[in-house]
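A.B. asks: Below are the sequence and a predicted model; questions follow.
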Number of protein chains: 2
Amino acid sequence: MSERIIKAFKTAETEKISHLDYFNIAVSVDCVILGYENKQLKVLLIKSDLEEFSGLNSLLGDLVRPDEDLDEASYRILRERTGLNDVYLEQVQTFGRIGRHPSGRVVTTAYFSLLDLHHHQLRLSHNDLHWHPISKVGKLAFDHKDILDSCLHRLRQQVLERPLIFSLLPEKFSLRQLQEVYEAILGTELDRRNFRKKVSLKDWLVDLGEMETDVPHRPGKLYKLNPALKKRLRARLRVS
Amino acid sequence: MSERIIKAFKTAETEKISHLDYFNIAVSVDCVILGYENKQLKVLLIKSDLEEFSGLNSLLGDLVRPDEDLDEASYRILRERTGLNDVYLEQVQTFGRIGRHPSGRVVTTAYFSLLDLHHHQLRLSHNDLHWHPISKVGKLAFDHKDILDSCLHRLRQQVLERPLIFSLLPEKFSLRQLQEVYEAILGTELDRRNFRKKVSLKDWLVDLGEMETDVPHRPGKLYKLNPALKKRLRARLRVS
DNA sequence: TACAAATATGTACTAGAAACACATTAACCT
DNA sequence: AGGTTAATGTGTTTCTAGTACATATTTGTA
């Protein structure tokens, strides 16, 4: 089978390179899973179990299996590690530097996902797995800091234009809560009045006719995500 | 070496899967190389030499070598096929559907590049290699139509904000020529006056103080790309 | 009952995009 | 040589989206 692949790519020089050379590259997926708590954006990390990176954290990743799509692999990792299925995942970029994995050649594709850190179905599968505030992430194993940064960059680019953010929030939320999430992601303060105007133009929200409870001040209205968009957020779509 | 990689990714289930399974995925790079001629955007295609796709065209691609970066592989392909070095290349997306290659499992990363189709150093390395108008591209081999579309989408998104387009043009060009390239890429007509205003605000251009020659009407001023930006276009940078 | 703190809504200003008009220059034709 | 044609080159006006900013309202608390 793999001989067929090499023949299928017959440039002049491939002849010289043996089968084993080409099939000595592994393919992996790394997931940047972001949550939100205490007005902070957090990322799901695990202690690296490689000697080379002892003491360092790394992203959640795994080798892609021969029988699964790249996208499927990222959903599998999310499911295995968090118990959650049907959460929005988006491919961001592929990292293929030669020396990026100390044990050999691994090309990895980065995906990011946003999810409600307090979701009742969320079960972290491993003791060393933990939520880490983005602002306190230092050195990570491999090139995972680069991967994290590229996902954050993509997220910041798109978050105001696309309704990605709602998987970070509970079903019902107030406009203040929504704004706080945006501020945590973008790292800036937003004008409350302009923010509300901008959101209201987008028809992302449905007014629930309910109010906040247990807040030590005037309660705000509660909203939920427009159900039409909710479907799209859950769909396993490659979004270009 | 590769045993080490599998150990480095020790999820519960990896144990069951053998070394050969994991190292049966190949990694390739496909390049969407775009040029411009006769008011048309064109893409560099080659006749597929796989039986399964006989008669169909495909993008330029090759397996990634064990000793080269992913980015390097794309530059190598560009160099081997066109003779050109130091042309802007940008990673777009990675495609990893299981059935995408009939000979086996190949995960491919798409890059796009823009270049002047009349560049004097341009030498197409193969007889079947040819420029194909974007508007007339039909079915392509593999999932190359999807890859082409995703690159075009990215290009259209970015072309107005970033000075990508200038590698499609000769050294000296008029504002009309520049506008025509934009129109070919975006597939729309642009207002000449607004277009000129927009471009002039960006300090992308330097007025050469020269005029067009050999045009059957009033000649326009000639411009070149601001040299400061030119460096950036040639740099082999991963742009996120 | 007054005060503090947050919600809710609205207005004025500004910058950028879109729509639109006219004078100028060079080649071509008679 | 002079008029015609077809492009270049430079505005102006209008609209829209974004930013800055103010005031009234509602609830909890002292």
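C.D. replies: Thanks, I have it. Note that this is a predicted model, so its numbers are computed, not measured. Residues are numbered from 1 along each chain as shown, chains lettered A, B, ... in the order given.
A.B. asks: OK, contacts around A:Lys172?
C.D. replies: A:208, A:210, A:222-224 (CB atoms under 8 Å, 6 or more residues apart in numbering or on different chains). C-beta: built from backbone N, CA, C; applies to glycine.
A.B. asks: Switch these over to TSV; also include secondary structure.
C.D. replies: Output for the contacts of A:Lys172, formatted as TSV (DSSP: H, G, I helix; E, B strand; the rest coil):
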residue	secondary structure
A:Leu208	strand
A:Glu210	strand
A:Leu222	strand
A:Tyr223	strand
A:Lys224	strand
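A.B. asks: From those, keep the buried residues only.
C.D. replies: A:222-224 (16 or more other CB atoms under 10 Å in any protein chain shown).
A.B. asks: hang on, the earlier thing: can you redo the contacts of A:Lys172 as TSV with distance to DNA strand C?
C.D. replies: Formatted as TSV, the contacts of A:Lys172 follow (distance: CB to the nearest atom of the strand, whole Å):
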residue	distance to DNA strand C
A:Leu208	11
A:Glu210	10
A:Leu222	8
A:Tyr223	9
A:Lys224	14
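A.B. asks: Check these against A:Glu183 and report the nearest one.
C.D. replies: A:Tyr223 (17.3 Å; CB to CB).
A.B. asks: Pretty sure the closest one sits against A:Glu210.
C.D. replies: No - counting by CB atoms under 8 Å, A:Tyr223 stays clear of A:Glu210, with 9.1 Å between them.
A.B. asks: Quickly check: the helix or strand hosting A:Gln157 near chain B or not.
C.D. replies: Per DSSP states H and E, A:Gln157 falls inside helix A:144-158. Yes - applying CB under 8 Å from any CB of the partner chain, one finds helix A:144-158 touching chain B at A:150, A:153-154.
A.B. asks: Next SSE downstream of that helix?
C.D. replies: Next along from helix A:144-158, by DSSP H and E: strand A:173-174.
A.B. asks: Based on its surroundings, how many neighbours for A:Asn226?
C.D. replies: 16 (other CB atoms under 10 Å in any protein chain shown).
A.B. asks: Now do the contacts for it.
C.D. replies: A:Asn226 neighbours (CB under 8 Å, 6+ apart): A:163, A:203-206.
A.B. asks: Report the buried members of the residues of helix A:144-158 next to chain B.
C.D. replies: Applying 16+ other CB under 10 Å to the residues of helix A:144-158 next to chain B flags A:150, A:154 as buried.
A.B. asks: can you put the residues of helix A:144-158 next to chain B in a markdown table and add pLDDT?
C.D. replies: As requested, the residues of helix A:144-158 next to chain B are exported to a markdown table (pLDDT from 0 to 100):
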| residue | pLDDT |
| --- | --- |
| A:Ser150 | 98 |
| A:His153 | 97 |
| A:Arg154 | 96 |
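A.B. asks: mind putting the residues of helix A:144-158 next to chain B in CSV, distance to DNA strand D included?
C.D. replies: Formatted as CSV, those follow (distance: CB to the nearest atom of the strand, whole Å):
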residue, distance to DNA strand D
A:Ser150, 24
A:His153, 19
A:Arg154, 19
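A.B. asks: wait, which of the contacts of A:Asn226 is closest to DNA strand C?
C.D. replies: Proximity of those to DNA strand C (CB to the nearest atom of the strand) peaks at A:Leu205, which lies at 11.2 Å.
A.B. asks: List the residues that contact the closest residue in space to A:Lys139 that isn't next to it in sequence.
C.D. replies: In space, and not counting its chain neighbours, A:Lys139 is closest to A:Leu56: 6.0 Å by CB to CB, 6 or more residues apart in numbering or on different chains. The neighbours of A:Leu56, taking CB under 8 Å, 6+ apart as the test, are A:47-48, A:139-141.
A.B. asks: Run through who's touching the strand or helix carrying A:Ile46.
C.D. replies: Assigned by DSSP H and E, A:Ile46 belongs to strand A:40-47. Contacts of strand A:40-47 from elsewhere in the structure, counted by CB under 8 Å, 6+ apart, are A:31-36, A:55-60, A:81-82, A:117, A:124, A:126, A:128-135, A:137, A:140, A:148, A:184-185.
A.B. asks: Quick check: the gap between the nearest residue to A:Asn85 once chain neighbours are set aside and chain B.
C.D. replies: Nearest non-adjacent residue to A:Asn85, counting by CB to CB, 6+ apart: A:Arg79, 5.3 Å away. The gap separating A:Arg79 from chain B is 12 Å, by CB to the nearest CB, to the nearest Å.
A.B. asks: quick one: what helix or strand has A:Arg79 in it?
C.D. replies: helix A:70-82.
A.B. asks: Whichever helix or strand comes after that helix vs helix A:70-82, what angle?
C.D. replies: Next helix or strand after helix A:70-82 toward the C-terminus (DSSP H and E): strand A:89-95. If you take axes from the mean of the first three to the mean of the last three CA atoms, to 10 degrees, strand A:89-95 sits at 110 degrees to helix A:70-82.
A.B. asks: Strand A:89-95 pairs with which strands?
C.D. replies: strand A:106-114 (antiparallel) (DSSP bridges).
A.B. asks: distance between the very next helix or strand once past the partner strand and the chain's centre?
C.D. replies: Counting by DSSP H and E, the next helix or strand C-terminal to strand A:106-114 is strand A:130-133. The chain centroid and the centroid of strand A:130-133 are separated by 13 Å under CA atoms, centre = their mean, to the nearest Å.
A.B. asks: got it, and stretch A:154-173?
C.D. replies: On CA atoms, centre = their mean, the centre of stretch A:154-173 falls 12 Å from that of its chain.
A.B. asks: do the same with stretch A:136-146
C.D. replies: On CA atoms, centre = their mean, the centre of stretch A:136-146 falls 15 Å from the chain's centre.
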